[in-house]
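Peer 1: Build me a model from this:
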Amino acid sequence: MSYRDLASRQVLVWAATAVGSRMPVAMAPLALVFLVRERPGGYTLGAALAAAYVIGEIVGAPVLGMRLDAARGRRHLALGLVGGAVGFAGLGVLPGAPSGVLGAFAFVAGFAPGAVTGGLRTLLTSLVPDRAVAQALSTESMLMAGVWAVSPVAVAWLALGVAPRAPLLLAAALMASSVAGLWRLPARWDDEAREGEDGGPSTLRVLIRAWPVYVTGAASLTLLGLSELTLPALLEQRGIGIGWTGPMLAGMAASAALGAFLYGVRAWPGRLRTRSAVLMCGMSAFVVLAALIPGAAGIAVALALAGAIQSGALITRNLALREAVPPGAVAAGYSVMYAAAGAGYAATGSLAGGLLQVVAPSTAVLAGVALGLLLTALGWWGEVRGEARARASDTAGRTAGGVGARAERAPVAGRGDAERLL
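Peer 2: Model (predicted):
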């Protein structure tokens, strides 16, 4: 297993396409705030538009993701990207429109490309050998960490130095340009995905059975959101200038990229569910340290280490999902996980906002960590329970001469037990 397996023209085209499709997503919330901040009640309206955008993402990812067809995947993704570009263009061209119109454009901008992340991730893993899937997912994480580190800077510079609408017009252009990149990539995921579509339980039933993976994935984004959203208040509590928020979060993103790279360098021991739980506990520990350490340097180091571990936790969850569902449902599974992660992030924002009104920022962080650990434990228990049920089903099938029972179960397990790689 090596990153050299990813050195191909198609992977490079995929990377450019992924950046074009994801940069607008990373830019959107802050860009929407800048778009309307000079209007009466601008910041409140900006937050509402950002919420409409996130709701669009959360709804669009599972709804559109479950309709992705491996045989016509490129067409589906292209339509989603065009719809997203239209939504962003509407916001940029009509910044003075009534708030309801802007909210509708924001919702469309989030909803239409909701399945693109899952589709592109599935397409990436189909472009590389099976032995390089972990490296491919690590590379995706590194690329996205870079996108999230650059996006806030780009939005602030364009909105303040050019025009408030400029970031959204750029987002529309980037999303539209990524459509061209799609046409230089395969039109379908792969033959294995097509085989996975024939027979077996419905996609919905298969995805529901993988719920523990989504819960743990949401837990990792809960901790990340907690760190980002409470950091300014935490710095104020410690008597540290809130101007350090940007550099600390940038360092966290850079560490996430480094952590993703290190994760893909070698094969790691342990079952996927155990590895995920260990990484989540490690991330929780560093977030707790960030809440308790009084100095700026200590907080920055703790957040950087949390970011490095968090990227590994997300990659582990993606690998577990790929193993838990049949090939034909992987793209839909990634889309549902994306929605679950977005819901976890949004819930964290609501929790943090409510707690900060009644408790100290450090206490709010600790409460959020407790929630993340609870979700992690729930996900781990669900995976253990699912494996036990699968083992009991296999045993019953063998006892009954269960060729038929095992054949019936095969499409559900897809590539096999969620821990089979290890």
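Peer 1: Other residues contacting stretch 178-191?
Peer 2: For stretch 178-191, contacts defined as Cβ atoms under 8 Å, 6 or more residues apart in numbering pick out 10, 13-14, 16-21, 70-75, 77-78, 81-82, 85, 122-123, 126-127, 194, 327, 330-331. Where C-beta positions appear, they are placed from N, C-alpha and C, glycine not excepted.
Peer 1: For the stretch 201-350 of the chain, which residues score under the pLDDT cut-off?
Peer 2: Low-confidence segments of the stretch 201-350 of the chain (pLDDT under 70): 201-202.
Peer 1: in it, which spans are helices?
Peer 2: 203-209, 211-237, 245-265, 272-292, 296-324, 330-355 (DSSP state H, counting those that start in this stretch).
Peer 1: about what we covered before: buried ones among the contacts of stretch 178-191?
Peer 2: For the contacts of stretch 178-191, a burial check counting by 16 or more other Cβ atoms under 10 Å picks out 10, 13-14, 17-21, 70, 73-74, 77-78, 81-82, 85, 122-123, 126-127, 327, 330-331.
Peer 1: Filter these down to just the ones in helices.
Peer 2: 10, 13-14, 17-21, 73-74, 77-78, 81-82, 85, 122-123, 126-127, 330-331 (DSSP state H).
Peer 1: Tell me how many other residues crowd Gly241.
Peer 2: For Gly241, the count of nearby residues is 9 (other Cβ atoms under 10 Å).
Peer 1: From Ser227, how far out is it?
Peer 2: According to Cβ to Cβ, to the nearest Å, Gly241 stands 18 Å off from Ser227.
Peer 1: do Ile242 as well
Peer 2: Distance from Ile242 to Ser227, by Cβ to Cβ: 15 Å.
Peer 1: and these two? which has more neighbours close in?
Peer 2: Shown here are Ile242 and Ser227; by other Cβ under 10 Å, Ser227 has more neighbours (28 against 12).
Peer 1: Now do the contacts for that one.
Peer 2: Met252, Val287, Ala290, Leu303, Ala306, Val365.
Peer 1: closest to Leu279 among the residues you listed?
Peer 2: Checking the contacts of Ser227 against Leu279 with Cβ to Cβ, the nearest one is Ala306 at 10.5 Å.
Peer 1: I'd say the closest one and Ala290 touch.
Peer 2: Yes. With contacts counted by Cβ atoms under 8 Å, Ala306 reaches Ala290, the gap being 6.8 Å.
Peer 1: Could you point out the longest helix of the chain?
Peer 2: Assigned via DSSP H, the chain shows its longest helix as helix 361-399.
Peer 1: What mean pLDDT does stretch 98-116 get?
Peer 2: When pLDDT is averaged over stretch 98-116, the result is 94.
Peer 1: for stretch 34-51, that is, sorry about that
Peer 2: With pLDDT averaged residue by residue, stretch 34-51 scores 85.
Peer 1: Likewise for stretch 133-143?
Peer 2: Stretch 133-143 carries an average pLDDT of 90.
Peer 1: contacts for it?
Peer 2: Around stretch 133-143, the neighbours that count as contacts under Cβ under 8 Å, 6+ apart are 1-3, 5-6, 11, 15, 18-19, 121, 124-125, 127-128, 256-257, 260-261, 263-264, 267, 311, 314-315, 318-319, 322.
Peer 1: from the middle of its chain, how far away would that stretch be?
Peer 2: Relative to its chain's centre, stretch 133-143 lies at 13 Å (Cα atoms, centre = their mean, to the nearest Å).
Peer 1: what's the neighbour count on Trp157?
Peer 2: Close neighbours of Trp157, defined as other Cβ under 10 Å, add up to 12.
Peer 1: and the spatially most central residue of the chain, how far is that from Trp244?
Peer 2: By Cα atoms, centre = their mean, the chain has its centre lying nearest to Tyr338, at 4.8 Å. For Tyr338, the distance to Trp244 equals 30 Å [Cβ to Cβ].
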